[in-house]
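> just to be clear, the model below is a prediction. Sequence and coordinates:
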2 protein chains.
Amino acid sequence: MVVDQLDQQSVDRVFAALADATRRDIVTRVMAGESSVSALARNYEMSFAAVQKHVAVLERARLVSKERRGREQIVRGDVGTVRAAARLLGGFEELWRARIGRIDDLLAAAPGDAR
Amino acid sequence: MVVDQLDQQSVDRVFAALADATRRDIVTRVMAGESSVSALARNYEMSFAAVQKHVAVLERARLVSKERRGREQIVRGDVGTVRAAARLLGGFEELWRARIGRIDDLLAAAPGDAR
DNA sequence: CTAACGTACAACCTTGTGGTTGTAGATCAG
DNA sequence: CTGATCTACAACCACAAGGTTGTACGTTAG
């Protein structure tokens, strides 16, 4: 986990990358086990170039990384970025909980409010 | 939490909605406390119509809901959808952990491998 | 060497996104 | 009623997204 605090633009890229079913499926596969780009491409009903583009989007978002091995390019998942995204969602939930807490406080502070 | 299992298209919309800093900011605000559309719009340097569109995107993704109150439209955050998205990311992490587990197993099964 | 494979990248097309302005309908204050 | 406010929505524009095909180049197999 080298960087796990993401700036706004990075967050943009991460969520945009996850907003496509093919790309989520690629992430699923490479999180479960690394794979070459061509091996990934065989799973989908689209051109190799299209899959290549999807991988590039994921790479730019740092959700995956590539490493050349011979003539193949091996794709690997980056769990650190996933964690950073999950933490951001957790922040939303935190705000929500805090708000509910404030509402409870208000109700507690005005016990005779029901006229 | 009425629906908290999302289909592929819904997940697409949720992540696409979160892939914009303005929309994430709106979610932040309405998670912390409900607000009218016009009140939200005053926070940003763009037209009211643009903010209205952002809210519509969030609504379509079920990250927020609107309720009319007099002439105002009150926007509220929907933590259930946020949780569903967080759970999906958790699934990726789960796969990753399982893979690491398998690698450990392999290493454990071949202890004298280091020649 | 030659052929096949894996990859990279450019050009192109269609559709969606994020912004604008403009118009119009409800609702509330005075 | 009148005017201000809040909202809805259509039309338009620039540009990015997601797909295609075609070409080129390095690497491995025979």
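Cool, the structure landed.
> okay, angle between the lowest-mean-pLDDT helix or strand in chain A and helix B:79-109 too, please.
The weakest-scoring helix or strand in chain A, judged by mean pLDDT, DSSP states H and E, is helix A:79-109 (a mean of 87). Put simply, helix A:79-109 runs at 140 degrees to helix B:79-109, going by axes from the mean of the first three to the mean of the last three C-alpha atoms, to 10 degrees.
> buried ones in helix A:79-109, by neighbour count?
If you call a residue buried by 16 or more other C-beta atoms under 10 Å in any protein chain shown, then helix A:79-109 has these buried ones: A:79, A:81-86, A:88-89, A:92, A:95-96, A:99. C-betas here are computed from N, CA, C, even on glycine.
> closest to residue A:57 among the residues you listed?
Ranked by distance to residue A:57 (C-beta to C-beta), the buried residues of helix A:79-109 are led by residue A:81 at 12.9 Å.
> show me what residue of chain A gets nearest to DNA strand C.
Distance from DNA strand C to each residue of chain A (C-beta to the nearest atom of the strand) is smallest for residue A:38, at 2.9 Å.
> other SSEs contacting the helix or strand where that residue lies?
In this structure, residue A:38 sits in helix A:37-41 according to DSSP states H and E. Packing contacts for helix A:37-41, counted by 3 or more C-beta pairs under 8 Å, 6 or more residues apart in numbering or on different chains; DSSP states H and E, involve helix A:21-32, helix A:48-60, strand A:72-77.
> same thing but at 7 Å, please
The criterion is 3 or more C-beta pairs under 7 Å, 6 or more residues apart in numbering or on different chains; DSSP states H and E, and the helices and strands that helix A:37-41 contacts are helix A:48-60, strand A:72-77.
> convert the first one to PDB, retaining C-alpha atoms only.
Taking C-alpha atoms only, helix A:48-60 is exported to PDB below (Å, rounded to 0.1, in the frame of the first residue of the first chain):
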ATOM      1  CA  PHE A  48      -9.000  -7.600 -28.100                       C
ATOM      2  CA  ALA A  49      -8.400  -3.900 -28.500                       C
ATOM      3  CA  ALA A  50     -11.500  -3.100 -26.500                       C
ATOM      4  CA  VAL A  51     -10.400  -5.200 -23.600                       C
ATOM      5  CA  GLN A  52      -7.000  -3.600 -23.900                       C
ATOM      6  CA  LYS A  53      -8.600  -0.200 -23.500                       C
ATOM      7  CA  HIS A  54     -10.600  -1.400 -20.400                       C
ATOM      8  CA  VAL A  55      -7.400  -2.600 -18.800                       C
ATOM      9  CA  ALA A  56      -5.800   0.700 -19.600                       C
ATOM     10  CA  VAL A  57      -8.600   2.500 -17.800                       C
ATOM     11  CA  LEU A  58      -8.200   0.300 -14.800                       C
ATOM     12  CA  GLU A  59      -4.400   0.800 -14.800                       C
ATOM     13  CA  ARG A  60      -4.800   4.600 -15.000                       C
END
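> point out the residues in chain A that sit beside chain B.
Contacts of chain A with chain B, taken as C-beta under 7 Å from any C-beta of the partner chain, map to A:8, A:12, A:15-16, A:18-21, A:27-28, A:31-33, A:77, A:79, A:82-83, A:85-86, A:89-90, A:92-93, A:95-96, A:98-99.
> just for chain A, where's the confidence low?
Low-confidence segments of chain A (pLDDT under 70): A:1-4, A:106-115.
> any idea which residue is closest to the centre of it?
residue A:82 (4.5 Å; C-alpha atoms, centre = their mean).
> pull the number of nearby residues for the closest residue to DNA strand D within chain A.
Closest approach of chain A to DNA strand D (C-beta to the nearest atom of the strand) occurs at residue A:70, with a separation of 2.6 Å. Per other C-beta atoms under 10 Å in any protein chain shown, the neighbour tally for residue A:70 reads 7.
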